[in-house]
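Q: Pasting a predicted model and its sequence here:
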Amino acid sequence: MNARIDIEAVDGIREIRPGDNLGQVLAAGIDDLRDGDVVVVTSKVVSKAAGLVSRMDRARAIQAETATVVARRGQTTIARTRHGFVLAAAGVDASNVQVGWVVWLPDDPDVAARSLRQAFLRRSGVNVGVVVTDTAGRAWRLGQTDIAVGCAGLRALLTLAGKVDRFGNLLSVTAPAIADEIAAAAELVSTKLAGRPVAVVRGLSHHVLAAGVHGPGAVELLRPVAEDMFGLGSREAVEAAVAGDVAPPFATGELSLDAVIGRCRDACANLTGLTCQVAGHRLKLTAPDGSTQWRAAERVRILAWGHGWRTETRAWSESAVVVMFARAIP
């Protein structure tokens, strides 16, 4: 395994137009391509060759590419695309195209990567890996980096679970996103403004698969929705909780029911004049003003739903209601 890699941006690739045979154009434009190299290509040129560029309203294009809105603030939309990617503007971009035009992601970036890989093998006789990239933000951090939206000829994810580090510690969850790391590194030399949509990474031949073996693709990097702890923005999560008609991704088992009831009681503590009494799986809410207890019951319903429990509320008296934790959300 090499302790060094070399990355070179490819100069001289002409502007790609709809209908171009991208594999032929790139294979002819890359000199000295060798077995074991990884060719990194921006999704934008893949989309341009496929005709996925048009003069149209950007907002309408975003809507068309959106499968689910994750979060929306003002003019900014974070969306899950039909591919399963979570991206700003659903991956729709208006840079490096004519003013007033937009470009959207390839229909299947993994298939596009395989097609390019086969084109390099046919024309140049070399077995390379291919990574198709797009630019994305990251949760909890400012700025953007390039990520892999498609790949062929290498594993996108390297699972090290079960391996032992040099101190003897057993690794359990470590899984480097190899394709994303390659995408980010290649962008350092391609850059956004240089008009160089292709880079060649040398020194990673140990990650490149045998000719004809493409691997699972970048789809391997998609986190299943059911495992996404941040599958909604904060406002959208509140809306879903109030609606109560969609099961949360972590329905039951995270906390004991007693612990959930305790959290619901604590969430009501700042309501003036409210008294909370816990009896088994019931929470009695008492307040002298006749309305505070109902507002508290609504808080309990929303919080309980977030922890995977449905509740039922009944009037106990004019000043008290009882919230019963009745059914776990399936």
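A: Yep, that arrived. Numbers count the residues shown, from 1 in each chain.
Q: From here on, just use CA atoms for contacts and neighbour counts.
A: Noted.
Q: wait, residue 196 sits on residue 190?
A: Yes: under the criterion of CA atoms under 8 Å, residue 196 makes contact with residue 190 at 5.3 Å.
Q: can you pull out the strands in the chain?
A: 6-9, 38-42, 53-55, 66-73, 76-81, 86-88, 101-103, 129-138, 141-152, 198-202, 275-279, 282-286, 309-317, 320-328 (DSSP state E).
Q: Buried deepest among the ones you listed, which one?
A: Highest mean neighbour count among those (mean count of other CA atoms under 10 Å): strand 38-42, with a mean of 29.
Q: Could you list the low-confidence segments of the stretch 201-330 of the chain?
A: 241-242, 244-254, 327-330 (pLDDT under 70).
Q: For it, which segments count as helices?
A: For the stretch 201-330 of the chain, helices defined by DSSP state H, counting those that start in this stretch occupy the ranges 234-243, 257-267, 292-306.
Q: Centre of the chain to the first one, how far?
A: If I follow you right, that is helix 234-243. In terms of CA atoms, centre = their mean, to the nearest Å, the centre of helix 234-243 is found 20 Å from the chain centre.
Q: With the second one instead?
A: From the chain centre to the centre of helix 257-267 is a distance of 32 Å (CA atoms, centre = their mean).
Q: Please produce a markdown table containing the strands of the chain, extended by distance to residue 217.
A: Listed next are those as a markdown table, based on distance: least, CA to CA, whole Å:
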| stretch | distance to residue 217 |
| --- | --- |
| strand 6-9 | 22 |
| strand 38-42 | 14 |
| strand 53-55 | 24 |
| strand 66-73 | 21 |
| strand 76-81 | 17 |
| strand 86-88 | 17 |
| strand 101-103 | 22 |
| strand 129-138 | 9 |
| strand 141-152 | 5 |
| strand 198-202 | 18 |
| strand 275-279 | 52 |
| strand 282-286 | 50 |
| strand 309-317 | 38 |
| strand 320-328 | 37 |
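Q: right, and the ones you listed - which one's nearest residue 179?
A: strand 141-152 (5.6 Å; CA to CA).
Q: Partner strands of the closest one, with direction?
A: Sheet pairing for strand 141-152, assigned by DSSP bridges, gives strand 129-138 (antiparallel).
Q: distance between the strand it pairs with and the chain's centre?
A: That offset, for strand 129-138, works out to 12 Å (CA atoms, centre = their mean).
Q: Need the mean per-residue confidence for that strand.
A: What strand 129-138 shows for mean pLDDT is 95.
Q: what's the answer for stretch 61-81, then?
A: 92.
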